[in-house]
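# Fold the stuff below for me.
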Amino acid sequence: MTKFLPLSQAVAENLHDGDTVAFEGFTHLIPTAAAHEAIRQGFKELTLVRMTPDLIYDQMIGMGMAKKVVFSYAGNPGVGLLRRLRDAVENGFPHAIEVEEHSHAAMANAYEAGAAGLPCAIFRGYRGAELARVNPNIKSVICPFTGEVLAAVPSVRPDVTFIHAQKANRKGDVLIEGIIGIQKEAVLAAKRAVVTVEEVVEDFDGLHPNLTILPSWTVTAISVVPGGAHPSYTHGYYIRDNASYLEWDKIAADRDRFREWMQKNVMEKTAGDFSGRVEHLRNAA
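Model (predicted):
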């Protein structure tokens, strides 16, 4: 049975030091509130997995939580670098981290293989690319039926996956509208899954059944966190806060300014503070 829990409890019960964890979201529905709660609880030695690490992984790395990052494309969307990630890789600050870089296609296939319980993903990819020279987890296999040379990568099977969504019903089914990305596969691949939502409704009557992409039996815990994807957007609820992404580039560029911002805007806040951050963005949605 899916449990409806406060976010602090959902994170404490499902994330542990040393876990492999995915905070997944693609363009919108990025689980910022869940990531901030993990930062407040001070987890260490995490392997962070995500197709497109952005601000939340920059923040978690800068706070010394990560020992490894498995990803495809890392950047501040539309702006540029992840400066805390770069500082960790180039200068070992606050400590050195291991990096495992893949293509988007590889990550998507790796999640799908994990959801299917398979040890690896096999696909067409990396032809003419040199990423395999620096990533030993990119292999080649020969199709036993056609003789074609294909790429293979380990499946992604997180200990826990966190996602954000628009709605859950009272039974614990989860609905997502708009761009879905790889969230469904990331949840199905994980041992445990925590979903933050904008709201809980009685049922999904009148909505297309295909919007219910995660039935209750796939979800460990649900937390109601309005605004929990900010500064990314939640389709139908609030728009993307572009100013925050631009400002982050300046904040993250300086170690002291980063620490000051994190103390004020994350460590001294709670999940309930998210609802107030998006009121000026809701009317534009």
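# And the strands in the protein, which stretches?
3-4, 20-23, 46-50, 66-71, 98-101, 120-123, 139-142, 149-154, 160-169, 174-175, 192-201, 212-214, 221-224 (DSSP state E).
# Output the contacting helices and strands for the fifth one.
Which is strand 98-101. When contacts are defined as 3 or more C-beta pairs under 8 Å, 6 or more residues apart in numbering; DSSP states H and E, strand 98-101 sits against strand 66-71. Quick note: C-beta positions are derived from backbone N, CA and C, even for glycine.
# between the strand it packs on and strand 149-154, how many degrees?
Following axes from the mean of the first three to the mean of the last three C-alpha atoms, to 10 degrees, one obtains 150 degrees for the angle between strand 66-71 and strand 149-154.
# quick one: low-confidence parts of the chain?
Low-confidence segments of the chain, defined by pLDDT under 70, span residues 271-277, 280, 283-285.
# hmm, try it at 80
Under the criterion of pLDDT under 80, the regions of the chain flagged as low confidence span 1-2, 209-212, 270-285.
# before we move on, the earlier item: any idea which of the strands of the chain gets closest to residue 91?
Proximity to residue 91, assessed across those by C-beta to C-beta, is greatest for strand 98-101 (13.7 Å).
# Can you list the buried residues in the closest one?
Of the residues in strand 98-101, those buried by neighbour count under the rule 16 or more other C-beta atoms under 10 Å are 100-101.
# Tell me the strands beside it, with direction?
Its sheet considered, strand 98-101 pairs with strand 66-71 (parallel) by DSSP bridges.
# Any chance you could list what contacts the partner strand?
Contacts with strand 66-71, where a contact means C-beta atoms under 8 Å, 6 or more residues apart in numbering, come from 44-53, 57, 60-61, 85, 88, 97-102, 107, 156.
# Quick one: work out the angle between it and strand 46-50.
Between strand 66-71 and strand 46-50, the angle formed by their directions is 20 degrees, by the same axes, to 10 degrees.
# domain ranges for this structure?
Domain assignment for the chain by automatic domain parsing gives 3-102+157-272, 118-154.
# Reformat those domains as a markdown table; add distance to residue 111.
Formatted as a markdown table, the entries for the domains of the chain read as follows, by distance: least, C-beta to C-beta, whole Å:
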| stretch | distance to residue 111 |
| --- | --- |
| domain 3-102+157-272 | 4 |
| domain 118-154 | 8 |
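# now, of those, which is deepest in the fold?
Between the domains of the chain, the one whose residues have the most neighbours on average, counting mean count of other C-beta atoms under 10 Å, is domain 3-102+157-272 (a mean of 19).
# gap between it and the chain center?
4 Å (C-alpha atoms, centre = their mean, to the nearest Å).
# Just send the strands of the chain back as a markdown table, with distance to residue 257 too.
Output for the strands of the chain, formatted as a markdown table (distance: least, C-beta to C-beta, whole Å):
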| stretch | distance to residue 257 |
| --- | --- |
| strand 3-4 | 37 |
| strand 20-23 | 23 |
| strand 46-50 | 23 |
| strand 66-71 | 20 |
| strand 98-101 | 24 |
| strand 120-123 | 40 |
| strand 139-142 | 42 |
| strand 149-154 | 37 |
| strand 160-169 | 27 |
| strand 174-175 | 37 |
| strand 192-201 | 28 |
| strand 212-214 | 38 |
| strand 221-224 | 30 |
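# Compare those strands and give me the one nearest residue 259.
Go through the strands of the chain one by one with C-beta to C-beta and the one that ends up closest to residue 259 is strand 66-71, at 16.3 Å.
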